[in-house]
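Trainee: what would the 3D arrangement of this be:
(2 chains, ligands or ions: 1)
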Amino acid sequence: MINRGYYGEFGGVFIPEILTTTFDELVEAFEKVKTDPSFWQEYMYIMSTYSCRPTPLTFAENLTRHFDGARIYIKREDLNHTGAHKANNVMGQGLLAKRMGKSRVIAETGAGQHGVATATMAARFGFKCTVYMGEVDVERQRPNVFWMERLGAEVIPVADGTRILKDAINEAFRDWVTNMDDTHYVLGTACGPHPFPEMVSYFQSIMGKEAREQILKREGKLPSRVYACVGGGSNALGIFSAFLDDRVELVGVEAAGEGLDTERHASRLASDNGSVGVAQGYKTYFLQDRDGQMKETHSVAAGLDYVGVSPILAWHRERGRIRFEAATDSEVLDAMALTIRKEGLIPALESAHAFVQAFKEAPDLSADDIILINQSGRGDKDIFTIAEAFADPGWKEFIQKKGNEYGA
Amino acid sequence: MALEMVLRNKLKEKDILLMTHIVLGYPSLEDSFKIVETMVDSGVDLIELQVPFSEPIADGPVIVRANQRALQRGATVKACLNLAERVVRKFDIPFLIMTYYNILFCYGVHDFVSAMAKRGLQGAIIPDLPPEEGHDYLEAMKAYDLAPILIFSPATSDKRMKYLDSFGRGFIYCVARKGVTGADTNFSTGLDSYLVRCRKASSLPLAVGFGIKERANVDFLRGKADIAVIGTETIRKVEEMGVASVGDFIRSLSPVNTNSLGGVEAEGE
Ligand SMILES: Cc1ncc(COP(=O)(O)O)c(C=O)c1O
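Mentor: Below you'll find the predicted structure:
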C-alpha cells in the first residue's frame, strides 16, 4: 500500500499484520471502482430506485420567519430508505463487497441507524450479516435492534469497555481478523484505517453534490454557511465536500453532552479536551487521558457518542477550513421541539445538534444569507429517549400499560 | 547481551523455549510480580509484559477483560514501567514489553524506548504498528539497541515476510492462525507449511503464539519453531484457580523445561 491515507498528520493504517492483505485487497478494489463508470451508474440506479435519491431540499419557511435572519434550508437525508444518510455509504460498500465476492458483512452500530442500514442492504443483496452494538446502545436504541433482527441480522451486544460505539468497532475488527476471507466490514463512518475515511466520504459526497445543485437552482447562489452534526464525521464530510472550494463557511457540530466543562461530552475538536492519538487503526484527535487510555464519552445521541473523529475532519480543523462547535443535550431537545412544531420535521437527535448551532447563528445573519442544515436522519427511532427527555405523561402511561400486559 | 544471542545460547540446552505473557496490573500489580516469580521458578525462558490499553484490538475476550481490570485498578504506564524495572532487576531472564502503539505515542515514542532501555527491557511487541507506520519507533529501538519484534501471520506473503524480517531483531513472532488471542488453534499440517515459509523468510529464531494451551501443542512445535508462546491460558488459570496454579501449569507444558531438570540434563551431557 503506497497511499496510506494521510491527511496532514492524521489518518494512516495502524492494523495488526493479519489484516494487511485484507486492506491491500480493499484498497485495490476501491481504486478500481472509483475509475469504473459502470460502478457509479449501478450505485446511482440503486440509490434512486431503492432509496430516495435525490433527497429534497426543504425551505424552512416558518423557522426562517421565527429567527428573522438567514433563509434556512434543510437537506433531507431523513428521507433516505432506513431514515438516515447511512444508506448512502452502506449501499456503496455493499456493491463493492459483491464485486469482491464476499458472502458476509459485519458492522458496528451506535444509534443503530448504520446497523439497520447494513442489515437492510444484506437482506437485499443476500449477504449474511452480523452487527456489533454496545450494551448501552442496545438499551437506548431497542427499536433498531428489533428491526435488525427482523431483517435477518445477528445483533451481538458488546459488554467490553465503555459498551458503546468504540467498543462495537473493536469487536467488529476482532470478527474481521478471523473471518476476512468471506467477510467485508462495512464501517459506518469516515473513521478507521485507510481506505475507510476516504471511501465512506466518497459515497456520502452524493449529498453535497445534490445540495449544491439544488440550492443554486432555487436561490441562484451558494449558502453562506452549512451545518452538519459530527459523530465520526460521515454526514458532515458528505455535505461539506461539495463546498470545500467555495466561499462557504462550514460548521461541524459535536456533542457537548452535559457541557464542555464537565467530563460528560463527546467533543473532540470543539473542546480543549481532545489530543492526538492512535486507536482503532488510525491517528486523529481522541478524548483520552495522558497515558493514552480512551475516556468515557457521553451524548444523548448515541450516534455522536464516540471518542475519535474522522482524520479528514481533524485535518480540516488544523487548516482552519471547518469550524467546530458543540451543542448540549438540553439545547438539542429544545431545537428538536422547535423544529417539530414549526416545520413538522422530526430530526434525529444526532441531526438536531446541527440545528442548534444554526439556530444560534441565524438571527445574526441577514435575509440575503442562506444557511443549509443537514438533517442526517429522522427522529422516530429515538422515540424512547425523546419521550423520556420530554417527560411525556401519555407515553409513560402507555409504556407502563404495555409492560403490565407483557408481565401478566 | 543482545536478545537473539541470549536465546541462541538457551537453545543450545533446550529444543524449545517457553515465552509467557502477562498483563501488568492484573489481577493486581503485586500479583503480577508474584506470577512472574512463579513463571521464572517454573523454568520460563522469557516473558512479555503487556502494558494495558483501553482498546486492545488484537486481543480476545480474556485478555481484553484483563486489560480493563488492570486499568480500573490503577495500572498506569508509570506503574507498569516501575513494575517492569523490579522484575528485570530481580530475575535473570529477558523481558519484553507488549503494548499498543498509542501508549508509546502518548508517552513520546523516543522517551518510551529510552525508558525501556533504562529499565533493562530487551525489546517490544507492538501489534498495531506495521513498519510502514513505525519509522520513529524502529529508529529509536535501533539507537537503544533494543529488539523490535516483528509479526508474521498466515496471511503474510513470502515477499512481505522478507520485508518485515528486514526490520526484525531478537526473534520473529509467528501468529499461528487468523483471529485474536484466546481461541483454539488447529495444530495441523497447515501450520507446518506456514512455519516452513516463516523459516525460509527469516534467519531469526521463530516464536509461535495464539492458542497454545497444553503440552501436546508445545510438543507439536519442537523442531519446527524455537519458542512456544503461552498467552491467554495462564490468565485463564489465574482466573479459575488463582495465582498459585501458574507454576503447575507451566511445568505441565514441558517437563524437561524446569530449571532443576535443565541442570540434570546439563550434567548428563
Ligand atoms: C442520523 C445520524 N446522524 C449522524 C450520525 C453520526 O455519524 P456521522 O458523523 O458519521 O455522520 C449518526 C450515527 O449513527 C446518525 O444515525
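
Trainee: alpha carbons only for contacts and neighbour counts from here, please
Mentor: Fine.

Trainee: how about residue B:151, secondary structure?
Mentor: strand (DSSP: H, G, I helix; E, B strand; the rest coil).

Trainee: same check on residue B:49?
Mentor: Reduced to three states by three-state DSSP, residue B:49 is strand.

Trainee: listing partners with orientation, what would you give for the longest strand along chain B?
Mentor: Longest strand in chain B by number of residues (criterion: DSSP state E): strand B:17-23. Strands adjacent to strand B:17-23 in the sheet, as given by DSSP bridges, are strand B:46-50 (parallel), strand B:227-230 (parallel).

Trainee: please identify the most buried of those strands.
Mentor: Comparing these by mean neighbour count (mean count of other CA atoms under 10 Å in any protein chain shown), strand B:227-230 ranks first with a mean of 27.

Trainee: for chain B, which residues score under the pLDDT cut-off?
Mentor: B:255-269 (pLDDT under 70).

Trainee: returning to what we had before: can you redo the strands paired with strand B:17-23 as TSV with distance to the ligand?
Mentor: Output for the strands paired with strand B:17-23, formatted as TSV (distance: least, CA to the nearest ligand atom, whole Å):
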stretch	distance to the ligand
strand B:46-50	33
strand B:227-230	39
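
Trainee: would you mark the buried spots in the longest helix seen in chain A?
Mentor: Using DSSP state H, we find that the single longest helix of chain A is helix A:196-219. Judged by neighbour count (16 or more other CA atoms under 10 Å in any protein chain shown), helix A:196-219 contains these buried residues: A:196-212, A:214-215.

Trainee: which strands or helices does the very next helix or strand once past the longest strand of chain B pack on?
Mentor: Using DSSP states H and E, the helix or strand that follows strand B:17-23 towards the C-terminus is helix B:29-41. Applying 3 or more CA pairs under 8 Å, 6 or more residues apart in numbering or on different chains; DSSP states H and E, one finds that helix B:29-41 contacts strand B:17-23, helix B:77-90, helix B:246-253.

Trainee: can you say which of the ones you listed is packed in most?
Mentor: Comparing the helices and strands packed on helix B:29-41 by mean neighbour count (mean count of other CA under 10 Å), strand B:17-23 ranks first with a mean of 24.

Trainee: ok and that strand relative to helix B:246-253, angle-wise?
Mentor: Here strand B:17-23 points in a direction 150 degrees away from that of helix B:246-253 (axes from the mean of the first three to the mean of the last three CA atoms, to 10 degrees).

Trainee: and strand B:17-23 with helix B:77-90, angle?
Mentor: Interaxial angle, strand B:17-23 versus helix B:77-90 (the same axes, to 10 degrees): 150 degrees.

Trainee: give me the angle between strand B:17-23 and helix B:29-41.
Mentor: With the same axes, to 10 degrees as the basis, strand B:17-23 and helix B:29-41 are set at 170 degrees to each other.

Trainee: what lies in contact with strand B:17-23?
Mentor: Residues outside strand B:17-23 that contact it (CA atoms under 8 Å, 6 or more residues apart in numbering or on different chains) are B:10-11, B:32, B:36, B:39, B:44-52, B:63, B:66-67, B:70, B:226-232, B:234-235, B:257.

Trainee: is residue B:147 bridged to anything, and to what?
Mentor: With DSSP bridges as the rule, residue B:147 is bridged to residue B:123.

Trainee: tell me the helices and strands packed up against the lowest-mean-pLDDT helix or strand in chain A.
Mentor: Every helix and strand of chain A was ranked by mean pLDDT, DSSP states H and E. The lowest is helix A:383-389, at a mean of 88. With contacts defined as 3+ CA pairs under 8 Å, 6+ apart, helix A:383-389 has no packing partner among the helices and strands.

Trainee: what residues sit buried inside it?
Mentor: Neighbour counts over helix A:383-389 (16+ other CA under 10 Å) mark A:383, A:384, A:385, A:386 as buried.

Trainee: same thing with stretch B:135-153?
Mentor: For stretch B:135-153, the neighbour count (16+ other CA under 10 Å) marks B:137-138, B:140-141, B:144-153 as buried.

Trainee: using CSV, list the CA coordinates for that stretch.
Mentor: C-alpha atoms of stretch B:135-153 as CSV (Å, rounded to 0.1, in the frame of the first residue of the first chain):
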residue,chain,number,x,y,z
HIS,B,135,9.7,4.8,11.4
ASP,B,136,10.3,6.7,14.7
TYR,B,137,9.9,3.6,16.8
LEU,B,138,12.3,1.5,14.7
GLU,B,139,14.9,4.3,14.7
ALA,B,140,14.7,4.6,18.4
MET,B,141,14.8,0.9,19.0
LYS,B,142,18.0,0.8,16.9
ALA,B,143,19.5,3.7,18.8
TYR,B,144,19.0,2.0,22.1
ASP,B,145,19.9,-1.5,20.9
LEU,B,146,16.5,-3.0,21.7
ALA,B,147,14.8,-5.7,19.7
PRO,B,148,11.6,-4.7,17.8
ILE,B,149,9.7,-8.0,17.5
LEU,B,150,8.0,-8.1,14.1
ILE,B,151,5.0,-10.3,13.5
PHE,B,152,4.2,-12.8,10.7
SER,B,153,0.8,-14.2,10.1
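
Trainee: is residue A:315 in contact with residue A:7, as I believe?
Mentor: Yes: contact criterion CA atoms under 8 Å: residue A:315 and residue A:7 qualify, at 5.8 Å.

Trainee: could you check which of those two has the larger neighbour count?
Mentor: residue A:315 (20 against 16; other CA atoms under 10 Å in any protein chain shown).

Trainee: list the contacts for that one?
Mentor: With contact taken as CA under 8 Å, 6+ apart, residue A:315 is in contact with A:7, A:8, A:9, A:10.

Trainee: would you map the strands across the stretch 101-250 of chain A?
Mentor: Along the stretch 101-250 of chain A, counting by DSSP state E, counting those that start in this stretch, strands occupy A:104-109, A:128-134, A:154-158, A:183-185, A:225-229, A:249-257.

Trainee: could you look up the SS state of the residue of the stretch 1-150 of chain B found nearest the ligand?
Mentor: Of all residues in the stretch 1-150 of chain B, residue B:55 sits closest to the ligand, at 20.1 Å by CA to the nearest ligand atom. Residue B:55 falls in the coil class when you classify it by three-state DSSP.

Trainee: the nearest residue to residue A:327 once chain neighbours are set aside: neighbouring residues, count only.
Mentor: By the measure of CA to CA, 6 or more residues apart in numbering or on different chains, the closest residue to residue A:327 outside its immediate chain neighbours is residue A:256, 4.9 Å from it. Residue A:256 has 32 neighbouring residues, counting by other CA under 10 Å.

Trainee: need the contact list for residue A:256.
Mentor: The contact partners of residue A:256, by CA under 8 Å, 6+ apart, come to A:264, A:265, A:266, A:267, A:299, A:326, A:327, A:328, A:329.
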